[in-house]
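Enquirer: Can you look at this prediction? I've put the sequence above it.
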2 protein chains.
Amino acid sequence: MIELLNGFLKELSHAIDNRKVLTKEEDRYCYSYDASFGQYLPDVVIQPTETEEVATLVKLANKYGVPIYPRGQGTSLSGGPLPVEGGAVIDCSQWNQKLEIYPEDMIAVVSPGVLTSSIDQKANQYGLMYAPDPSSSNVSTIGGNLAENSGGPRGLKYGVTKDYVIGLEVVTPEGDIIKTGGRTVKNVTGYDLTKLIVGSEGTLGIITEAILRLIPKPQATETLMATFHDIVDSGKAISTILQTGIVPAKMEMMDQASIRAVEDYQPLGLPTDVEAILLIELDGHQVAIKEEIEKVRVTCEEMGAKEVKVAKSKEEALELWKARKLVSPAIVKIKPTKISEDATVPRSQIPAMFERLKEIREKYHLHLVVFGHAGDGNLHPNIIADIRDHEEMERVEQAVEEIFHAAVELGGTLSGEHGIGTMKSPFMEMELGEVGLEMMKRIKESWDPNHIMNPGKIFPSPGQRLVLRND
Amino acid sequence: MIELLNGFLKELSHAIDNRKVLTKEEDRYCYSYDASFGQYLPDVVIQPTETEEVATLVKLANKYGVPIYPRGQGTSLSGGPLPVEGGAVIDCSQWNQKLEIYPEDMIAVVSPGVLTSSIDQKANQYGLMYAPDPSSSNVSTIGGNLAENSGGPRGLKYGVTKDYVIGLEVVTPEGDIIKTGGRTVKNVTGYDLTKLIVGSEGTLGIITEAILRLIPKPQATETLMATFHDIVDSGKAISTILQTGIVPAKMEMMDQASIRAVEDYQPLGLPTDVEAILLIELDGHQVAIKEEIEKVRVTCEEMGAKEVKVAKSKEEALELWKARKLVSPAIVKIKPTKISEDATVPRSQIPAMFERLKEIREKYHLHLVVFGHAGDGNLHPNIIADIRDHEEMERVEQAVEEIFHAAVELGGTLSGEHGIGTMKSPFMEMELGEVGLEMMKRIKESWDPNHIMNPGKIFPSPGQRLVLRND
């Protein structure tokens, strides 16, 4: 194994600028973790900035049997970029040279290391927008977003990353360069490799360039906050609003535990006696959304809201959103370890999911807070714990497993937007069945016969279980 | 071969209600063609209405090596359902028992044989709509739409069939039943088999049920017709409108040849001296689209429109659309054989594509009319010819080949919405490259090791060329 690695490194040193190859322990250490669990030291980190470099290194990885792991900024919550079997991390975060907007075709062409928010910012200069808005968009790269098919609050109205990708340049697991899709929105020429590769978590190749669809930026927004004594009423408000024909750009919820955490962390004057807060944003034509926000207000009141506040200015709107933005920093003040889940259910099952989460919280005596993108059923149950507390972490593992079972039993899915990675692979067969998983494996096997492309992700090893403990 | 077929039929007769198995020549004859070219008599036609029946027959087809071809209503323009190697046509058009709307989850659950327009009609009762609107939607089945990833005029604003499919039940090429996706809009649990199977033209399995996403039905529409002396000006009008931030629901164009054909067929008073007509429909909030249609009107005038007419009533709007709807029936009055293409280019290349089509028309002395979904670059160059004229059909073949080359050279694609089937497979490598096509083939091989699922489609046989002649 050491010999193969040395052979790989030796040939690599002739093929790629040595400043792009990191072998010192302190450098490699920085690439041993992501925003999920577990730590794995890679043998080498390579920082390509050209497609040909990637093709070369992938061919060498095949020749020497060295596993490779594409990585953006490492914000993955599911373990996507972790080098679990050793080998080479391919750090694409330095590869941010291309960010071109073609306003007439309403597309952007980007390198994998471009920060996601900068695409939207540049599109804005042309009156356009890049709609997907993962919460990490200021720090995460588009390459990582593409690999994981990231979602975000705007998913309710605008969809997720995949809905905006129309073409890719990809280095296949055997080191060939292919182009999928193109610059046209409509394309039915053969299988849709674009949408297969987006969301495949780096197991089917390395994305080296992407063509993204842009849309006109809405001219105005309206923001509303509603508080509810009963969390089930907030769920009813969500589905009633959607049935009136209004599709908000965002529809976020916070449960009582989230509200209290925020107030403890930075008092904003939120009511700590209510069970839920809904934050709703509409966007579109000024006149239309003025009328619609009034309908939303009335609906919330009819559904039993305690208080409804419509922002009168941009500043007031930002103030209302502050509560939601503070949830994540606030809850990690309670205990240091945050287990962020994204089990997703059909919209009609949100009240049932609330019930199940309440039961799980009580059964395992855990600090479980719930917030997230309620409008599309994509809740974020977060468990707050201390990784040094062995006994507590065992309860967390059991609770997480029950959350997955609850979501699937309610007709939902293990993951709405975080991906499977190492964290959820033990549960794949529960959702997909043996043959469903087998059909995915066949694709993987046929594309990556030497098993070098991001091994240990998505597909469970026999008998694999969820382990969050460090020991 | 005959023995294998007899074995297949014998076992089938024990497994499936014999009234669902058609073996008489006059019955089989009805399934020997579609709306494209060529005729191939199947050995048997099977009309399943249950998933288990499909699983059984697919397993038997594998056992006896009998090719199978799923089929809806046979409206395919690319040869998708043609039984080119003999064997069994699986006619799903009788399987229309399930059409369920779940308004709270904003989804429809449907059997493959349901007519596409009936989904939208039923959704309308709940204030919802099924957005994809292929021109064939009153006669084509959703199963066929799913297999081909059908587009339609509304594609510009709302996308195509694939954008509205969130879950499938599928019988794999080896006869296993799998479910992909589910009832949630967000789902990143493993590879996106849903979007891989939609548009795979029946080569990766038989779709037995689908979960479709519905959206709120827009409350109002506005319709406008603009005529242009110069076709290039009409192209500029399209891109200028889109850059003002307005996304029309539909943006259709007709060239002079289409206009003259309609006026010859059924005089509507259209100006036959203009080079192009644009038909634009906006939908959304009443106040918003009133303002936007005025902007569209002004833009068309600024871009050199000869005349702009905004419909003042529903009746007037229908009257304006009548011109576009009559194009297809009108042009087949000129000559009996219509070769309908759907090569698609990036929006910015529409004027260049007009130029190329003009050159091709002159070079081959053919009756070439152009109309279609100009807003998304999805033009429909139609050649009108007579299949009995051998010499003319040879010129048609050459012209079609040149149209494909022009589209790909301009950064476009062979097919925007009709699919590859038998018609375009010879040109796949030109667009995708050898490795790009090879990666698709690997998926096909890994899923269908016995090559029984709709063989002869998408992937070219060695040396295959386009042949439209009957002899």
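Expert: Cool, got the structure. Numbers count the residues shown, from 1 in each chain, chains lettered A, B, ... in the order given.

Enquirer: Tell me where the stretch 1-150 of chain A has strands.
Expert: In the stretch 1-150 of chain A, the segments counted as strands under DSSP state E, counting those that start in this stretch are A:21-22, A:44-46, A:68-71, A:88-91, A:99-102, A:107-110, A:128-129.

Enquirer: would you list these in a markdown table and tack on distance to chain B?
Expert: All C-beta atoms are positioned from the backbone trio N, CA, C, and that covers glycine. A markdown table is the format used below for these (distance: least, Cβ to the nearest Cβ, whole Å):
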| stretch | distance to chain B |
| --- | --- |
| strand A:21-22 | 27 |
| strand A:44-46 | 23 |
| strand A:68-71 | 16 |
| strand A:88-91 | 20 |
| strand A:99-102 | 7 |
| strand A:107-110 | 8 |
| strand A:128-129 | 8 |
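
Enquirer: and those strands as CSV, adding mean neighbour count and mean pLDDT?
Expert: Converted to CSV, the strands of the stretch 1-150 of chain A look like this (neighbours: other Cβ atoms under 10 Å in any protein chain shown; pLDDT from 0 to 100):
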stretch, mean neighbour count, mean pLDDT
strand A:21-22, 19, 97
strand A:44-46, 23, 98
strand A:68-71, 28, 98
strand A:88-91, 27, 98
strand A:99-102, 16, 98
strand A:107-110, 24, 98
strand A:128-129, 22, 96
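
Enquirer: Save the ones you listed as JSON lines, and put in distance to B:S111 too.
Expert: What follows is those, written out as JSON lines (distance: least, Cβ to Cβ, whole Å):
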{"stretch": "strand A:21-22", "distance to B:S111": "56"}
{"stretch": "strand A:44-46", "distance to B:S111": "51"}
{"stretch": "strand A:68-71", "distance to B:S111": "41"}
{"stretch": "strand A:88-91", "distance to B:S111": "45"}
{"stretch": "strand A:99-102", "distance to B:S111": "42"}
{"stretch": "strand A:107-110", "distance to B:S111": "37"}
{"stretch": "strand A:128-129", "distance to B:S111": "38"}
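
Enquirer: Between these, which one is closest to A:S446.
Expert: strand A:68-71 (18.3 Å; Cβ to Cβ).

Enquirer: Those residues of the stretch 351-471 of chain A touching chain B, which are they?
Expert: Taking Cβ under 8 Å from any Cβ of the partner chain as the test, the list of the stretch 351-471 of chain A residues beside chain B reads A:373, A:376-378, A:411-420, A:424, A:428, A:431-433, A:435-437, A:439-440, A:442-447, A:458.

Enquirer: Cross the residues you listed against helices and list the overlap.
Expert: Those of those mapping onto helices are A:428, A:431-433, A:435-437, A:439-440, A:442-447, per DSSP state H.

Enquirer: which of the residues you listed has the most neighbours?
Expert: For those, the largest number of neighbours (other Cβ atoms under 10 Å in any protein chain shown) sits with A:M439, at 27 neighbours.

Enquirer: Contact partners for that residue?
Expert: B:T172, B:I178, B:L193, B:W447 (Cβ atoms under 8 Å, 6 or more residues apart in numbering or on different chains).

Enquirer: Kindly report the same for A:A343.
Expert: With the criterion set at Cβ under 8 Å, 6+ apart, A:A343 makes contact with A:L379, A:P381, A:I403, A:F404, A:A406, A:A407, A:G412, A:T413, A:L414, A:S415, A:G416.

Enquirer: Repeat that for A:A407.
Expert: A:A343, A:T344, A:V345, A:M353, A:T413, A:L414.

Enquirer: go on, A:R356?
Expert: So, once contact is read as Cβ under 8 Å, 6+ apart, A:R356 ends up touching A:I403, A:A406, A:L410.

Enquirer: What are the phi and psi values at it?
Expert: phi -60, psi -40 (degrees, to the nearest 10).

Enquirer: same check, this time on A:T422
Expert: phi -90, psi -20.

Enquirer: if I look at it, how far off is A:T161?
Expert: Counting by Cβ to Cβ, to the nearest Å, the gap from A:T422 to A:T161 is 21 Å.

Enquirer: more crowded one of these two?
Expert: A:T161 (29 against 25).

Enquirer: How many residues are close by A:R183?
Expert: 25.

Enquirer: Quick check: which element contains it?
Expert: According to DSSP states H and E, A:R183 maps onto no helix or strand at all.

Enquirer: Contacts only, for it.
Expert: Counted by Cβ under 8 Å, 6+ apart, A:R183 has contacts A:Y102, A:D105, A:I107, A:I166, A:G167, A:I211, B:P346, B:G411, B:G412.

Enquirer: Recalculate using a threshold of 6 Å.
Expert: A:D105, A:I107, A:I211, B:P346, B:G411 (Cβ atoms under 6 Å, 6 or more residues apart in numbering or on different chains).

Enquirer: My understanding was that the first one contacts B:S348; is that so?
Expert: Yes: A:D105 is within contact range of B:S348, at 5.0 Å (criterion: Cβ atoms under 6 Å).

Enquirer: So for those two, which sits in the more crowded spot?
Expert: A:D105 (24 against 19).

Enquirer: Relative to chain B, how far out is the residue lying closest to A:Q97 once chain neighbours are set aside?
Expert: The shortest distance from A:Q97 to any non-neighbouring residue, by Cβ to Cβ, 6 or more residues apart in numbering or on different chains, is to A:S111 (5.3 Å). Distance, A:S111 to chain B, by Cβ to the nearest Cβ, to the nearest Å: 19 Å.

Enquirer: Dihedrals phi and psi, A:S111?
Expert: phi -80, psi 160.

Enquirer: What pLDDT is listed against it?
Expert: For A:S111, the pLDDT comes out at 98.

Enquirer: What is the neighbour count of the residue of the stretch 1-150 of chain A found nearest chain B?
Expert: Proximity of the stretch 1-150 of chain A to chain B (Cβ to the nearest Cβ) peaks at A:E104, 4.1 Å away. Residues contacting A:E104 under the criterion other Cβ under 10 Å number 17.

Enquirer: Pretty sure B:Q349 is one of the things it touches, is it not?
Expert: No: using Cβ under 6 Å, A:E104 is not in contact with B:Q349; the gap is 9.4 Å.

Enquirer: what does the stretch 1-150 of chain A put close to chain B?
Expert: A:P103, A:E104, A:D105, A:G127, A:N149 (Cβ under 6 Å from any Cβ of the partner chain).
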